[in-house]
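**Student:** The sequence and its predicted three-dimensional model are supplied below.
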Amino acid sequence: MKITLQDAWGLASDRRFDNLDMPILHDPVNYGAKADIGSHYGEFLSLSTDLPRSAGAFTQFLAGEKSEVSELPFEQRISAVLRYLSSPMRFEPLNSPEVHYPVSSFGGLLSCGIKFVCRHPEKNGYAEVFHFYGNYHALEKQHACVEWPDALPIGEWLVVITGQYWTVGRKYGDFSPFGVVLDSGIILAQLQYLLNLFGIGFSTGNLDLNRIGERVIPTGSFQQVLAALPISVPDEAATMLNGSLKPMEIAAYQEPKGITERFSLLNDTVDLLSASYEKHWPESPENAETESDAQLLQSLPDTDILDVIYNRTSSSDRLGFSQINKMLDGEFLQRFMKTFHKLRSRRALLPLEDKLMLNLAWINNFGPSMGLYNDQAEPIYIAQDTKQFRNILQDRLYSTNQKYNIASMTLEMYISVDTYQVSEFAGNSAFRLAHMAAGAVAHDMCLVASLFGAFARPVRMFRDTKLQQRLGLDGQLLMQVLVGFNRYNNYALTIL
Ligand SMILES: Cc1cc2nc3c(=O)[nH]c(=O)nc-3n(C[C@H](O)[C@H](O)[C@H](O)COP(=O)(O)O)c2cc1C
């Protein structure tokens, strides 16, 4: 069977969940280990852990001001980019998941891999490929010499984001690719912010991802290249890479065998996700400073940007969800959404991101009136019966194994797409791109929530269709982001 684009849109909605084999829904307690733990032998370059802990206020970043960290030696800058992109950040032994990364991820399993492709120092038309192991904060030289006929320019590396479907396969089965592409959009948004912050230039555009995949993905591995970004590197970058590689054997997750045989839809879904994109990336929104921008920035907390990233949380709390009923003012939603748009203007919009529809439900008892809003924080309708409005939001869990407490939420974002419109525009690639763009938007919400001292939880597996019909949302929901305030008492240790 081959999955068509229409099939894929259908399978991505909860109407078809019953057709998918998803261990987490059938047997949430014993759905199986993430992957097998084993060991891996290779040549590794341990990256600097002497990294900056502050980089200036988040508001300075929003204003486009240059941070002092952009003057650090390249090795420290690239190491810091990787730390704040995909190294484990916090260990919370009493919580699930125990390990927290800088970004939210599908099941907390960080399903995307990061690789660097670098011009071979001696052989023209060849490249070296490095794979980042976050647990060791080290780069492994995965390929010492791989043919790269369309030679990489001098002073440039390619950062490659791979969707490692195997990392979530045992938990999400047939549904795995849907979450992994969302994850890759999150990573791509965060990568852009970090490159900007640490003064590393990059360009966006369409590269042949399948061809890159053929060269950088180990044969037979169930993963795929989902994005690639050329970055500018100084001369010292080449010396850094080959400076002190050391042979090491490390403990590492091993790819489970037989995932694609066990879950029959996987190969076809991933085939569809490999469709290439022919059009230009959308224009990024203007970032001209206005007077109201300056007022906004002055009104925001002066938290350091690295703390905002570190503090980002979806607020998993095994000990219980102790909500805080914040006395929010009537302007809160506007401030929140203006900050969200300002943040987005600090990165390139992803393909199809301009075609996403963003709506918000305001649920808090304080602040604006309860109801549905657009992404400019303007009301679409105010709920006449607030109890009924809350009931609609509460009544959408897919299975009794899911937990969701509406009382803790302040607002929710609904990210949806007109599947017909984007399919006409981008053909089969619409499916991958719309999901990635939705992931990027969800991540922006997570960062802004963190700035405001709130949690933000992107969620995927709810009764979306029911919710959409009852709220009157257009298009198909790709992701929701739940935002709220709670006491976060988890015992946590900082890693790295
Ligand atoms: C693509 C994606 C799908 C997610 N789906 C759900 C979900 O359906 N339900 C849920 O409670 N959390 C969901 N999450 C949130 C993750 O479980 C959470 O980010 C992860 O456990 C790590 O916790 P942290 O973000 O606090 O570090 C999702 C996150 C992503 C990125």
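**Tutor:** Thanks, I have it. Residues are numbered from 1 along each chain as shown.

**Student:** So the residue sitting nearest the centre point of the chain versus residue 25, what's the distance?
**Tutor:** In the chain, the residue lying closest to the centroid (C-alpha atoms, centre = their mean) is residue 186, at 1.8 Å. Applying C-beta to C-beta, to the nearest Å, the value for residue 186 to residue 25 is 23 Å. Glycine gets a C-beta too; all of them are placed from N, C-alpha and C.

**Student:** Please apply the same query to residue 241.
**Tutor:** 44 Å.

**Student:** now residue 375
**Tutor:** On the measure of C-beta to C-beta, residue 375 and residue 25 end up 31 Å apart.

**Student:** More neighbours: those two, which one.
**Tutor:** With neighbours defined as other C-beta atoms under 10 Å, residue 375 and residue 25 compare such that residue 25 has more, 19 against 16.

**Student:** Next, the more buried one: secondary structure please.
**Tutor:** helix (DSSP: H, G, I helix; E, B strand; the rest coil).

**Student:** how about the residue in the stretch 251-400 of the chain positioned nearest to the ligand, what does it touch?
**Tutor:** In the stretch 251-400 of the chain, the residue found nearest to the ligand is residue 314; the distance is 3.4 Å by C-beta to the nearest ligand atom. By C-beta atoms under 8 Å, 6 or more residues apart in numbering, the contact set of residue 314 is 104, 446, 455-458.

**Student:** ok, the residues you listed vs the ligand, which is closest?
**Tutor:** Comparing those against the ligand with C-beta to the nearest ligand atom places residue 104 closest, at 3.4 Å.

**Student:** Can you tell me the SS state at that closest one?
**Tutor:** coil.

**Student:** picking up where we left off before, now flag whichever of the contacts of residue 314 is closest to residue 266.
**Tutor:** Nearest to residue 266 out of these is residue 458 (C-beta to C-beta; 22.2 Å).

**Student:** beta partners of the closest one?
**Tutor:** residue 481 (DSSP bridges).

**Student:** repeat for the one 4 residues further on
**Tutor:** On the basis of DSSP bridges, residue 462 is bridged to residue 397.

**Student:** so it makes contact with residue 13?
**Tutor:** No. Contact criterion C-beta atoms under 8 Å: residue 462 and residue 13 do not qualify, at 10.7 Å.

**Student:** what's the helix or strand for residue 31?
**Tutor:** Under the criterion of DSSP states H and E, residue 31 resides outside all helices and strands.

**Student:** the domain parsing of this protein - what is it?
**Tutor:** 5-53+64-273, 291-494 (automatic domain parsing).

**Student:** who's in contact with residue 171?
**Tutor:** 23-24, 31-32, 34, 107, 109.

**Student:** Ignore what I typed, I meant residue 491.
**Tutor:** Residue 491 touches 92-95, counting by C-beta under 8 Å, 6+ apart.

**Student:** If we use 6 Å, what do you get?
**Tutor:** residue 94 (C-beta atoms under 6 Å, 6 or more residues apart in numbering).

**Student:** one step back: my read is the residue nearest to the centre of the chain is in a helix, agree?
**Tutor:** Yes. Using three-state DSSP, the assignment for residue 186 is a helix.

**Student:** I'd assumed residue 438 was in contact with it.
**Tutor:** No. With contact defined as C-beta atoms under 6 Å, residue 186 does not reach residue 438; the gap is 9.5 Å.

**Student:** Around the ligand, which positions in the protein sit nearby?
**Tutor:** 97, 100, 104-108, 179, 182-183, 186, 313-314, 316, 457-461 (C-beta under 6 Å from any ligand atom).

**Student:** element containing whatever residue of the stretch 151-300 of the chain ends up closest to the ligand, please.
**Tutor:** Nearest to the ligand, among the residues of the stretch 151-300 of the chain, is residue 182, at 3.7 Å (C-beta to the nearest ligand atom). For residue 182, the enclosing helix or strand under DSSP H and E is helix 176-197.

**Student:** So for residue 15, what pLDDT did the model give?
**Tutor:** Note on residue 15: pLDDT of 68.

**Student:** Now do the phi/psi pair for the residue of the stretch 251-400 of the chain closest to the ligand.
**Tutor:** phi -90, psi 0 (degrees, to the nearest 10).

**Student:** can you check residue 460 too?
**Tutor:** According to degrees, to the nearest 10, residue 460 has phi -130, psi -30.

**Student:** and it, how many neighbours?
**Tutor:** 22.

**Student:** Also residue 125?
**Tutor:** Neighbour tally, residue 125, other C-beta under 10 Å: 12.

**Student:** Now do the contacts for it.
**Tutor:** Counting by C-beta under 6 Å, 6+ apart, residue 125 has contacts 149, 151.

**Student:** And it, how close does it get to residue 157?
**Tutor:** Distance of residue 125 to residue 157, given as C-beta to C-beta: 16 Å.

**Student:** Secondary structure element holding residue 478?
**Tutor:** strand 476-484.

**Student:** Which secondary structure elements does that strand sit against?
**Tutor:** strand 409-417, helix 429-451, strand 455-459 (3 or more C-beta pairs under 6 Å, 6 or more residues apart in numbering; DSSP states H and E).

**Student:** give me that answer again for 10 Å
**Tutor:** helix 5-11, helix 176-197, strand 357-362, strand 409-417, helix 419-426, helix 429-451, strand 455-459, helix 464-471 (3 or more C-beta pairs under 10 Å, 6 or more residues apart in numbering; DSSP states H and E).

**Student:** In a markdown table: those, plus mean pLDDT.
**Tutor:** Below are those laid out as a markdown table (pLDDT from 0 to 100):
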| stretch | mean pLDDT |
| --- | --- |
| helix 5-11 | 90 |
| helix 176-197 | 97 |
| strand 357-362 | 97 |
| strand 409-417 | 95 |
| helix 419-426 | 96 |
| helix 429-451 | 98 |
| strand 455-459 | 93 |
| helix 464-471 | 88 |
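
**Student:** which residues of this structure score low on pLDDT?
**Tutor:** Low-confidence segments of the chain (pLDDT under 70): 1, 15-17, 30, 32-33, 287-288, 318-321, 398-405.

**Student:** residues near residue 79, how many?
**Tutor:** 25.

**Student:** Just give the nearest non-adjacent residue to it, would you?
**Tutor:** residue 47 (4.0 Å; C-beta to C-beta, 6 or more residues apart in numbering).

**Student:** residue contacts, the one you found?
**Tutor:** Contacts here follow C-beta atoms under 10 Å, 6 or more residues apart in numbering; on that basis residue 47 touches 75-76, 78-80, 82-83, 87, 132-133, 136-139, 240.

**Student:** ok, of those residues, which one's closest to residue 166?
**Tutor:** Nearest to residue 166 among these, with distances taken as C-beta to C-beta, is residue 133, at 15.6 Å.

**Student:** Against residue 264, how distant is residue 60?
**Tutor:** 51 Å.

**Student:** before we move on, what about residue 100?
**Tutor:** For residue 100 relative to residue 264 (C-beta to C-beta), the value is 33 Å.

**Student:** Just list the residues touching residue 181, thanks.
**Tutor:** Neighbours of residue 181 in contact, by C-beta under 10 Å, 6+ apart: 12, 106, 111-112, 163, 165, 224, 226-227, 269-270, 273, 431-439, 478.

**Student:** let's see 6 Å
**Tutor:** With C-beta under 6 Å, 6+ apart, residue 181 has these contacts: 432, 435-436.

**Student:** Using CSV, lay out the helices and strands packed on strand 476-484 together with distance to residue 152.
**Tutor:** Output for the helices and strands packed on strand 476-484, formatted as CSV (distance: least, C-beta to C-beta, whole Å):
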stretch, distance to residue 152
helix 5-11, 33
helix 176-197, 17
strand 357-362, 37
strand 409-417, 34
helix 419-426, 27
helix 429-451, 24
strand 455-459, 34
helix 464-471, 42
